[in-house]
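S.K.: Just need the structure, nothing else, for what follows:
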Amino acid sequence: MDTKQKLQQALKEAMRQKDELRKRTLRLALAAIKLAEVEKGAPLDEGALLGIIQKEIKTRQEMIEDARRAGREDLITTAEAEMAVLREFLPPPLNAKALEKLAQETIAAVGAKSMKEMGKVMAALMPKVQGRADGKQVSAIVRRLLQGK
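M.R.: Residues are numbered from 1 along each chain as shown. Below is the predicted model:
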């Protein structure tokens with residue numbers, strides 16, 4: 001069962017249980033997926049689905065920052081609960097060691113020797129870590145490894 005089917009199944013379950021927060025969060029995620037599929041003109045692969053879920057989580061993180069500045073605890077609580085629902089559908093995150101090992105393998109596979117080739121490394125590495133690591137974290141590790149060469 002792919003991520004989209006899991007989301008749809010969870011939505012049905014949330015509707016049965018009358019869980020409004022979960023139902024709303026899952027509907028928003030499925031709407032974002034549907035929009036991306038319409039824009040692409042084809043069903044999304046698993047990596048793209050995970051990317052959309054990560055984007056939804058990032059949106060809520062930004063909402064939390066804005067709510068903190070505005071002093072709105074109610075919005076912070078809601079956004080954190082929505083993030084928890086969305087995280088259920090992401091694979092477990094990679095730890096720093098596993099991410100660094102994957103980055104080293106990708107650098108070797110691409111044959112990168114300098115910072116000029118960072119784009120090639122990132123293009124090859126990001127699909128492997130989609131949904132399991134933050135792009136900023138991946139970029140920092142690749143940059144550090146390439147600068148050491």
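S.K.: And the residue positioned nearest the centre of the chain, what's its pLDDT?
M.R.: In the chain, the residue lying closest to the centroid (CA atoms, centre = their mean) is residue 54, at 2.4 Å. pLDDT, residue 54: 87.
S.K.: same question, residue 1
M.R.: As predicted, residue 1 sits at a pLDDT of 64.
S.K.: Helix or strand: which one has the residue nearest to the centre of the chain?
M.R.: Following DSSP states H and E, the helix or strand that holds residue 54 is helix 46-70.
S.K.: just checking, what packs against that helix?
M.R.: Helix 46-70 sits against helix 3-17, helix 20-40, helix 73-87, with contacts defined as 3 or more CB pairs under 8 Å, 6 or more residues apart in numbering; DSSP states H and E. Heads up, the C-betas are built off the backbone N, CA and C, glycines and all.
S.K.: which parts of it are buried?
M.R.: Buried residues in helix 46-70, defined by neighbour count with 16 or more other CB atoms under 10 Å: 48-54, 56-57, 59-60, 63-64, 67.
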